[in-house]
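Novice: my questions concern the predicted model and sequence given below.
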Amino acid sequence: MKKTVFFGALTVAGLTAGMASAATLDDVKARGSLNCGVTTGLVGFAAPDAEGVWEGFDVGVCRAVAAAIFGDPTAVEFVPTTGQTRFTALASGEIDLLARNTTWTMSRDVDLKFEFVGVNYYDGQGFLVPKALGVTSAKELDGATVCIQTGTTTELNLADFFRVNDISYEPVPIETNAEGQQQYLAGACDVYTTDASGLAATRATFENPADHVLLPEIISKEPLGPLVRHGDNEWGDIARWTLNALITAEELGVTSENIEELAATPGNNPEVNRLLGTEGELGAQLGLDADWAKNAIAAGGNYGELFDNNIGENTSIGLARGLNAQWTDGGLIYSPPFR
Amino acid sequence: MSDTPITYVRDTMLPQKAPPTSEIGPVRWVRENLFSSPMNAILTILSLYIVYTVISHVGPWLINGIWDADSLTECREIIAASGDGHHSAACFGVITARWHQLVFGYYPSELYWRPVLALLVFFVGIAPVLFPSLPRKLFIVSMIAPFLCFWLLWGGSIWLPISIALGFGVGVVAFKLLSASASSLVAIIGAIVLPLIYWLYLSGPLASGLASIVPLGIEFVPSRSFGGFMLSIVIGLSAIVISLPLGILLALGRQSDLFIIKTCAVVFIEVIRGVPLIVWLFTAQLLLNYFLPPGSNFDLTLRVIIMVTLFASAYIAEVVRGGLAALPKGQYEGGDSLGLNYWQSMQLIILPQALKISIPGIVNTFIGLFKDTTLVVFIGLFDPLGIASAIRATTEWNGIYWELFLFIGIMFFISCFSMGRYSLYLEKKLQREHR
């Protein structure tokens, strides 16, 4: 009995401590670095290089947030997380921000009590087939064998798609992307399906990438974005507006090259001035320095630069902007105004 | 005597003739071992064909291996340029470029000497245990080695390991004083409780106090930087070293006549052994996070080491129990009849024999344990396999598989094979029956 009371008290103490330490920004500042959850390795999005320095598209978001807070894009501790450990790591406070190509879904937002601060990549499930198969549309895949990762949303999406179109398929269950590549190349399945960005990255590694085509159908919505815990809106705001600053910077033509020049003196575009802190008090509203957005953009460039340097058409992954173009170019990338 | 030679008597020995070629050397060996019957001949030819097929496919791939390339694309260009476009070659450039990560993980490269030195210290420390012919004075190194290794690997202030080591001193002193003044049971309890109190409440302030007076230390390296074989070896060796004594104690506890000790040992062994290691690792990673107060930072690698150690000790306990059960009852009775107390008879008579019987089982468990350290990849630690997939996640090396797996496989084989050889050496040395 006494023991139960003791453990109960301990739990309550733990919970209240969790609520008391809600000011994540203060914790991060006291620690001197941002704990950012990333994948254990995904081409183009996050991977350590030969010196062990993390780089990639998701890593760029972490670095921008660190730069906004500290003015130093290297003040980040990267915590590698797996699909199983990522949400616990965030919920338990081991990491402050999770930037790990995580799909924004309602249950994750509401039931798991997280706060998605935006979308940094609009993905969707696609199909990769050998050119020799002579297929031009996913609707012609009747009776095909499909390599599919088990226990993921892609599996359910696939079943839905084939049922809606009233065609049949034979699943070949695989465990990891690496296994999927090998099975597909060995001819164990006619079709490999996963997120389109992953398929493009996979195809780029083939010996003859031109022998394989991505089918035009995208059968699911996978908005990927960084997320934080419920309960600390000030911290969520910092992450959200750092991402928005990167997007706005691209829209306004602020790049890592001209940023020093633009931030030196107030120019004639008031929104650029507000963004870069030469006018107004936007930084102070977040509890950060006036040049927070300037530092965030200078860390790895604006949204477009991050995209082009890590996963864009000039890299070996070669993803087109597509849905991820600015709204002015017909895409979905859109930031509320800095005002 | 006539001087005509007697022609029918041979006066010199005939020089020895070589045996027929079919009865000596390789020819005989081949006849007897490979072609002794039609069935054997067919099997031999079949096996030769299979061996040839494998070698003719893998051999060129290995020999043509490209060692200086900065990316898989470059490898493929070199292959395309050098051959007719059909032959394949391994791209060992990935090993040249990233071997340091496979071995040390993300440990700072200018500090690589520290884990290497720690491994040396470990070997010097364990040498007197492994090889009884070495001078006994080396045991002093064995006692210092764990703390020195800890300090070399993680770095930071030197006072932390020293203040932790002092805890054991507290235990020894408490035992000596209490066993002189009170009963041995009180002494044992004191020797366990007092150091615990010391570690919980005193060692931390003591270490930070000393560090503020005399700041002595080397650069701190967080556990997150550990990876590759270094991580496997750190987890594996710590678990091996701690789990053996723990396992022996558990095995003795399970055989004990004291009800509570016996129940505790049985429950511990069955619970730990009855749940897969991966579940314990997830417990260490996920559940503990919820139970610990937020903000408390209990090192993940340390948690994993503790879990793996507990898991291994449950297995060792059962292996040692097998050894204990194999001893005839007369050995126990012999110890009693000599008037030895429990610990003396265990130390002098029972355990030396029981452990000798258990050696193959113990080493088997250790080899399994060492390979099981690769399971930590599932909780986001970079063991060699985790590093391999991280390397694959860079644009340069995406799509490379066999070369990395081959390297990792060879490294694990070397470690496990040498452990197996040592156990054979030990068994031979301890052979008493046929002398």
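Specialist: In hand now; what should we look at?

Novice: chain B contacts on the stretch 151-300 of chain A?
Specialist: For the stretch 151-300 of chain A, the residues in contact with chain B (Cβ under 8 Å from any Cβ of the partner chain) are A:178, A:181, A:182, A:201, A:202, A:204, A:205, A:206, A:207. All C-beta atoms are positioned from the backbone trio N, CA, C, and that covers glycine.

Novice: of those, buried ones?
Specialist: Burial by neighbour count, 16 or more other Cβ atoms under 10 Å in any protein chain shown: within those this picks out A:178, A:181, A:182, A:201, A:202, A:204, A:205, A:206.

Novice: before we move on, the earlier item: out of the residues of the stretch 151-300 of chain A next to chain B, which is nearest to residue B:271?
Specialist: Checking these against residue B:271 by Cβ to Cβ gives residue A:178 as the nearest, at 34.9 Å.

Novice: follow-up on the earlier one: now the residues of the stretch 151-300 of chain A next to chain B as CSV including secondary structure?
Specialist: Formatted as CSV, those follow (DSSP: H, G, I helix; E, B strand; the rest coil):
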residue, secondary structure
A:178, helix
A:181, helix
A:182, helix
A:201, helix
A:202, helix
A:204, helix
A:205, coil
A:206, coil
A:207, coil
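
Novice: quick one: the most centrally placed residue in chain A from chain B, how far?
Specialist: The structure's chain A has its C-alpha centroid closest to residue A:101; by Cα atoms, centre = their mean the separation is 3.7 Å. Separation of residue A:101 from chain B (Cβ to the nearest Cβ, to the nearest Å): 12 Å.

Novice: mind putting the buried ones among the residues of the stretch 151-300 of chain A next to chain B in a markdown table, pLDDT included?
Specialist: Listed next are those as a markdown table, based on pLDDT from 0 to 100:
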| residue | pLDDT |
| --- | --- |
| A:178 | 77 |
| A:181 | 86 |
| A:182 | 84 |
| A:201 | 82 |
| A:202 | 84 |
| A:204 | 81 |
| A:205 | 80 |
| A:206 | 84 |
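
Novice: let me know the closest of those to chain B.
Specialist: residue A:205 (2.9 Å; Cβ to the nearest Cβ).

Novice: with adjacent residues omitted, what lies nearest to that closest one?
Specialist: Nearest non-adjacent residue to residue A:205, counting by Cβ to Cβ, 6 or more residues apart in numbering or on different chains: residue B:399, 2.9 Å away.

Novice: then residue B:144?
Specialist: residue B:125 (7.4 Å).

Novice: the one you found: neighbour count?
Specialist: Residues contacting residue B:125 under the criterion other Cβ atoms under 10 Å in any protein chain shown number 21.

Novice: do residue A:45 as well
Specialist: For residue A:45, using other Cβ under 10 Å, the count is 28.

Novice: which residues does it contact?
Specialist: A:39, A:56, A:57, A:58, A:59, A:101, A:197, A:310, A:311 (Cβ atoms under 8 Å, 6 or more residues apart in numbering or on different chains).

Novice: let's see 10 Å
Specialist: Applying Cβ atoms under 10 Å, 6 or more residues apart in numbering or on different chains, we find residue A:45 in contact with A:38-39, A:55-61, A:99-101, A:120-121, A:197-198, A:201, A:224, A:310-311, A:317, B:393.

Novice: those in strands, which ones?
Specialist: Those of those mapping onto strands are A:38, A:39, A:55, A:99, A:100, A:101, A:121, A:224, per DSSP state E.

Novice: spatially, which two of the residues you listed are the most separated?
Specialist: Farthest pair in the ones in strands among the contacts of residue A:45 (Cβ to Cβ) is A:55 and A:224. Separation: 17.5 Å.

Novice: ranking the ones in strands among the contacts of residue A:45 by neighbours, who comes first?
Specialist: Counting neighbours by other Cβ under 10 Å, residue A:99 leads the ones in strands among the contacts of residue A:45 with 31 neighbours.

Novice: ok, that one to chain B distance?
Specialist: 15 Å.

Novice: the helix or strand bottoming out on mean pLDDT in chain B: which residues count as buried?
Specialist: In chain B, the helix or strand scored least confidently by mean pLDDT, DSSP states H and E is helix B:288-291, which has a mean of 72. Neighbour-count burial for helix B:288-291 flags B:288, B:289 (criterion: 16+ other Cβ under 10 Å).

Novice: all the strands of the chain, residue numbers only.
Specialist: Going with chain A. Remark: strands assigned in chain A by DSSP E are A:34-39, A:47-48, A:54-55, A:76-81, A:97-103, A:114-116, A:121-123, A:125-130, A:144-149, A:169-174, A:191-195, A:212-214, A:222-229.

Novice: the chain in question should be chain B.
Specialist: In chain B, the strands defined using DSSP E lie at B:156-157, B:217-218.

Novice: and the first one, what does it pack onto?
Specialist: Packing partners of strand B:156-157 (3 or more Cβ pairs under 10 Å, 6 or more residues apart in numbering or on different chains; DSSP states H and E): helix B:203-213, strand B:217-218.

Novice: redo those as TSV? Include mean neighbour count.
Specialist: Converted to TSV, those look like this (neighbours: other Cβ atoms under 10 Å in any protein chain shown):
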stretch	mean neighbour count
helix B:203-213	14
strand B:217-218	14
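
Novice: show me the one of the ones you listed that comes nearest chain A.
Specialist: Here helix B:203-213 is closest among those (Cβ to the nearest Cβ), at 17.6 Å.

Novice: from the chain's centre, how far out does the closest one sit?
Specialist: In terms of Cα atoms, centre = their mean, to the nearest Å, the centre of helix B:203-213 is found 34 Å from the chain centre.

Novice: what about that helix, average pLDDT?
Specialist: Per-residue pLDDT over helix B:203-213 has a mean of 82.

Novice: which residue does the stretch 101-250 of chain B have closest to chain A?
Specialist: For the stretch 101-250 of chain B, the residue closest to chain A is residue B:106, as judged by Cβ to the nearest Cβ, at 3.7 Å.

Novice: what's the domain layout of chain B?
Specialist: Chain B breaks down by automatic domain parsing into domains covering B:20-60, B:156-218, B:222-434.

Novice: can you put the strands of chain B in CSV and add distance to residue B:404?
Specialist: Formatted as CSV, the strands of chain B follow (distance: least, Cβ to Cβ, whole Å):
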stretch, distance to residue B:404
strand B:156-157, 33
strand B:217-218, 32
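
Novice: need the ones you listed in JSON lines (columns: mean pLDDT).
Specialist: As requested, those are exported to JSON lines (pLDDT from 0 to 100):
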{"stretch": "strand B:156-157", "mean pLDDT": "84"}
{"stretch": "strand B:217-218", "mean pLDDT": "84"}
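
Novice: thinking again about what came up before, roughly how far apart are the residue nearest to the centre of chain A and residue A:43?
Specialist: Distance, residue A:101 to residue A:43, using Cβ to Cβ, to the nearest Å: 11 Å.
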